[in-house]
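Peer 1: Okay, here's the prediction I keep looking at, along with the sequence it came from:
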Amino acid sequence: MRFPFKPLVAALAFTGTTTVTTAAPLFDSVTTFITHLTSPPNAAQHLDLTTPSTDPTGLNTLSSLSSSAKSVLQKNSAYLLLINATPFTLRKTGGHSYQMPVWDNSFPETVNPGQSVRVKIEAKTHRDDAGEMRYLLDIGEHGGGNGGGEIEFQYRGRNGPKLQVEWKSLAALGLPEGSIRVLDWHQENNVPFVLGAAPSAGNSSTTGQTSRPGTKFDPAKELVASPGLPTTGWMKQAYSRMHCLTLREMSLPGTHNSGMSLLTGGTALVKARPESVQCHASHMTVGKQLEAGARWFDIRPVIAGGKWATGHYTFFDGIKLPSGLDKIPGLGDLAKEIGKIGGGDKEKVLDGWQGGNGQLIADIVREVNDFTDKYPGELVIINLSHGLNTDTFSGNPKARLTQQEWENLMTELLAVKNRATHITMENIDLTYQRLSNLLPPSDPSKPNDLSRKSSVLFVVDDITTDNQHVNLSKFSKEGFFFRGQLAIFDSYANTNNLNNMITDQFSKLSTHRTKADDDMFLLSWTLTQPVETMITGSIVKYGEDANRALGEKLWANGAMSAQRFPNVVSVDALDEDGEVAGLVAGISWWLARECPAL
Ligand SMILES: *[C@@H]1O[C@H](CO)[C@@H](O)[C@H](O)[C@H]1NC(C)=O
Ligand SMILES: *[C@@H]1O[C@H](CO)[C@@H](O)[C@H](O)[C@H]1NC(C)=O
Ligand SMILES: *[C@@H]1O[C@H](CO)[C@@H](O)[C@H](O)[C@H]1NC(C)=O
């Protein structure tokens, strides 16, 4: 891909497709470059936040104050993003607070089915700050006449700031009555909490003539809550809800550049700045991503020193750096590396491949096997693309993998257990396959049983050194599928501006998803990094910023419908607590077509 404009911003388009950029001047001077660094274009303007920054001292001066002075000035504030993806109304039943400037009046009287609300919370910073607010999930007659049960949102200053949910007289899957679930605190930002259930749950009735006559809604089995969703087994838990859905009709949490949770090698420049290619926190390996609920993976295989790894590389066709860059204080090793690249030239040049390797393929194989062994009933889709042979880089912009190298890789991947070898029909379009077909029964003699095995599907979406699509014929019965077998729209926004990314992705979503069985749509919830990321920023930080906005924007009233929702939501910086997974899994519970009872 060539970028005809704005060469600098496009230059290190690391999170997108592998780019080739043309020679072009960077900033005219170091001064403009530094200005750009200190005020990056992606200020967090995404949220409907009115920044509560009436504090004239600003946070920076706080560190120099005594702790008592600090607590007068500092506030703990956040927004509870309360998403009611159930057919039942949430009704406020009462609360109480102590030393909370913003609490009681923030909570609305009711949150209607399908509605999402942002509740502002503000506390001082005292240990004994506290707030409680109870809501009744009004199940009415549908639970057999018991009317429903209560949850309570609680703020605690002690060991906090802490926002948590106590399941007072209501239960959900994995959350028994009496349990308390702490939510991750995001200062001055969204803290999502999703309740989800199937629409027909509102039709349960032990008496009347409805679509679920003779049944009663059982929250302990049919109500999901996130965070708190059992993310390791969320598909198994949802099987009776989702068994009839095709890939076009469900929604899966996914990760972008899934292997890049750590740096196992790379060019000198990137070794000095691992943050510039690392897309997930170091501990969020593919195995951890699976445990956190992700079911779609973007794996970019590279050969590095003869070994198979994942990689994240960009090819530069002579990018000029501003002279004097090495004099910027604090750049340390990076300045040295930049100096080396320029060969001591005044006009230093960023040339050839830059990037790094993440997890080794062998480690990913082991982690996937551990996961599918331990957690049956989960569907795992791995998209293999952007293959590169880093051992043949030396200025070669087309260091793709050969057909033989792809075959070697697939042979190594035969060590993945639970591959979808039961799908053997040639040229089958996977997107029309139902979950009950994608996950084989645990006992082959009981094809309709609820109990399913896990299943791993590989999609190979790349071309070889001969400009041919990778030929999969030798692996077609081994759980490997070609790109044409997975009709999916996948187009990233190529911007580091959150608002622009969101606008781009939602506009593509409404163009490409008008019916519930349109081609799959991948919502690419990622920001493409500008060159300054290489010098100061971090992809993970950008990703976290974007993920904070996900719940607010995706679940905004009217943003999605039963006809229009993404089938994959792909993120950087997947969180460990299952926030992203819950926001996406909730779609399959609330918006997807309903399946006949099993
Ligand atoms: C609820 O029941 C009514 C009447 O039987 C039916 O028209 C409606 O489609 C049902 N809704 C759901 C979500 O099942
Ligand atoms: C793929 O490879 C097989 C042999 O392994 C060959 O018979 C077939 O023609 C190839 N397909 C294409 C499209 O080149
Ligand atoms: C696989 O991932 C790459 C990189 O994100 C993307 O360009 C491609 O469309 C994906 N292919 C499929 C079949 O999902």
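Peer 2: Done, it's in. Model, not experiment: these values are computed from the prediction. Ligands and ions are numbered 1, 2, ... in the order given.

Peer 1: quick one: stretch 147-157 to chain centroid distance?
Peer 2: Centre-to-centre, stretch 147-157 and its host chain are 27 Å apart (CA atoms, centre = their mean, to the nearest Å).

Peer 1: actually stretch 254-266, sorry about that
Peer 2: 14 Å.

Peer 1: Roughly how far does S561 sit from ligand 3?
Peer 2: Distance of S561 to ligand 3, computed by CB to the nearest ligand atom, to the nearest Å: 24 Å. Backbone N, C-alpha and C define where each C-beta goes, glycine included.

Peer 1: Is it correct that that residue is in contact with L591?
Peer 2: Yes. Counting by CB atoms under 8 Å, S561 does reach L591; the two are 7.1 Å apart.

Peer 1: Settle it for me: which of these two has more neighbours?
Peer 2: Higher neighbour count among S561 and L591: L591, with 22 against 13, using other CB atoms under 10 Å.

Peer 1: Extract the C-alpha set from stretch 474-490 and format it as CSV.
Peer 2: What follows is stretch 474-490, C-alpha atoms only, in CSV (Å, rounded to 0.1, in the frame of the first residue of the first chain):
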residue,chain,number,x,y,z
LYS,A,474,-2.9,-30.4,1.2
PHE,A,475,-4.4,-29.0,4.4
SER,A,476,-8.1,-28.6,3.3
LYS,A,477,-9.2,-31.4,5.6
GLU,A,478,-7.1,-30.3,8.5
GLY,A,479,-9.1,-27.3,9.6
PHE,A,480,-7.4,-24.8,7.3
PHE,A,481,-9.6,-22.6,5.1
PHE,A,482,-8.9,-20.0,2.4
ARG,A,483,-10.0,-16.4,2.6
GLY,A,484,-12.9,-16.9,0.1
GLN,A,485,-14.5,-19.3,2.6
LEU,A,486,-15.0,-16.6,5.1
ALA,A,487,-17.0,-13.7,3.7
ILE,A,488,-16.0,-10.8,6.0
PHE,A,489,-15.6,-7.1,5.5
ASP,A,490,-12.5,-5.9,7.3
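
Peer 1: so does that stretch get close to ligand 2?
Peer 2: Yes. Using CB under 6 Å from any ligand atom, stretch 474-490 reaches ligand 2 at K474.

Peer 1: For that stretch, give me every contacting residue.
Peer 2: 247, 407, 410, 413-414, 416, 419-421, 423-424, 426-431, 456-461, 469-470, 472, 508, 512, 519-522, 524, 567-568 (CB atoms under 8 Å, 6 or more residues apart in numbering).

Peer 1: Please flag which of those sit within strands.
Peer 2: Among those, the residues falling in strands (DSSP state E) are 456-460, 520-522, 524, 568.

Peer 1: R181: which of the residues you listed is nearest?
Peer 2: Distance to R181 across those (CB to CB) is lowest for V568, with 26.5 Å.

Peer 1: residues from the stretch 451-598 of the chain in reach of ligand 3?
Peer 2: 459, 461, 483, 486, 488, 490.

Peer 1: go with 8 Å
Peer 2: The stretch 451-598 of the chain has residues 459, 461, 483, 486, 488, 490, 492, 522, 524, 568, 570 near ligand 3, with proximity defined as CB under 8 Å from any ligand atom.

Peer 1: cool, and the stretch 301-450 of the chain?
Peer 2: Close to ligand 3, as judged by CB under 8 Å from any ligand atom, the stretch 301-450 of the chain has residues 383-386.

Peer 1: cutoff 6 Å now
Peer 2: 383, 385.

Peer 1: rewinding a little: ok, of the ones in strands among the contacts of stretch 474-490, which one's closest to P253?
Peer 2: For the ones in strands among the contacts of stretch 474-490, the nearest to P253 is V568 (7.9 Å; CB to CB).

Peer 1: May I have the secondary structure class of the residue lying farthest from the centre of the chain?
Peer 2: Within the chain, T207 marks the point farthest from the mean C-alpha position, 42.3 Å out by CA atoms, centre = their mean. Following DSSP: H, G, I helix; E, B strand; the rest coil, T207 is assigned to coil.

Peer 1: for this structure, which strand is longest?
Peer 2: Per DSSP E, the chain has its longest strand at strand 307-320.

Peer 1: What residues of that strand count as buried?
Peer 2: Residues of strand 307-320 classed as buried: 308-317, 319-320 (neighbour count, 16 or more other CB atoms under 10 Å).

Peer 1: again with stretch 497-517
Peer 2: In stretch 497-517, counting by 16+ other CB under 10 Å, buried: 497-498, 501-502, 504-506, 508-509, 512-513, 516.

Peer 1: List the ones among those residues that fall in helices.
Peer 2: 498, 501-502, 504-506, 508-509, 512 (DSSP state H).

Peer 1: Would you format these as a markdown table with pLDDT included?
Peer 2: Supplementary listing: these in a markdown table, determined by pLDDT from 0 to 100:
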| residue | pLDDT |
| --- | --- |
| L498 | 88 |
| M501 | 93 |
| I502 | 94 |
| D504 | 97 |
| Q505 | 97 |
| F506 | 97 |
| K508 | 98 |
| L509 | 97 |
| H512 | 96 |
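
Peer 1: coming back round to it: show me how to select, in ChimeraX, the buried members of the contacts of stretch 474-490.
Peer 2: Command for ChimeraX that selects the buried part of these, burial taken from 16+ other CB under 10 Å:
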select :247,407,410,413,416,419,420,423,429,430,431,456,457,458,459,460,461,470,472,508,512,520,521,522,524,567,568
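
Peer 1: Quick check: which of the contacts of stretch 474-490 are also close to ligand 2?
Peer 2: Of these, not one also sits near ligand 2 (CB under 6 Å from any ligand atom).

Peer 1: With W589 as the reference, measure out to the nearest residue to G266 once chain neighbours are set aside.
Peer 2: With CB to CB, 6 or more residues apart in numbering as the measure, G356 is the residue that lies nearest to G266, at 2.6 Å, once sequence neighbours are left out. G356 sits 38 Å away from W589, taking CB to CB, to the nearest Å as the criterion.

Peer 1: Equivalent analysis for V286, please.
Peer 2: 25 Å.

Peer 1: And V460, by the same measure?
Peer 2: 31 Å.

Peer 1: rewinding a little: how is the residue nearest to G266 classified with respect to secondary structure?
Peer 2: strand.

Peer 1: Domain ranges for the chain, per the record?
Peer 2: Domain assignment of the chain by automatic domain parsing yields the ranges 68-229, 252-311+356-590.

Peer 1: and this protein, which residues reach ligand 2?
Peer 2: Looking at ligand 2, the residues of the chain close enough under CB under 6 Å from any ligand atom are 471, 473-474.

Peer 1: which one of the residues you listed has the most neighbours?
Peer 2: N471 leads the residues of the chain next to ligand 2 on contacts (other CB under 10 Å) with 15 neighbours.

Peer 1: contacting residues for that one?
Peer 2: Q403.

Peer 1: For it, grab phi and psi.
Peer 2: Dihedral pair for N471: phi -90, psi 120, per degrees, to the nearest 10.

Peer 1: burial of the closest residue to W525 other than its chain neighbours, as a residue count?
Peer 2: The spatial neighbour of W525 that comes closest, neighbours along the chain excluded (CB to CB, 6+ apart), is V571 at 4.9 Å. Neighbour count of V571, defined by other CB under 10 Å: 27.

Peer 1: Next one: V571 from ligand 2, what distance?
Peer 2: 35 Å.

Peer 1: how far is the helix or strand where G131 lies from where the chain is centred?
Peer 2: Element membership for G131 (DSSP states H and E) is strand 130-140. Distance, stretch centre to chain centre, for strand 130-140: 29 Å (CA atoms, centre = their mean).

Peer 1: Report all helices and strands that it contacts.
Peer 2: strand 89-98, strand 147-156 (3 or more CB pairs under 8 Å, 6 or more residues apart in numbering; DSSP states H and E).

Peer 1: Quick one: residues in contact with the first one.
Peer 2: When you say that, I think you mean strand 89-98. 82, 84, 103-104, 107-113, 128-138, 150, 152-153, 155, 195.

Peer 1: can you give me the mean pLDDT across it?
Peer 2: Computed over strand 89-98, the mean pLDDT rounds to 96.

Peer 1: Give me the angle between that strand and strand 130-140.
Peer 2: Relative orientation of strand 89-98 versus strand 130-140 (axes from the mean of the first three to the mean of the last three CA atoms, to 10 degrees): 160 degrees.
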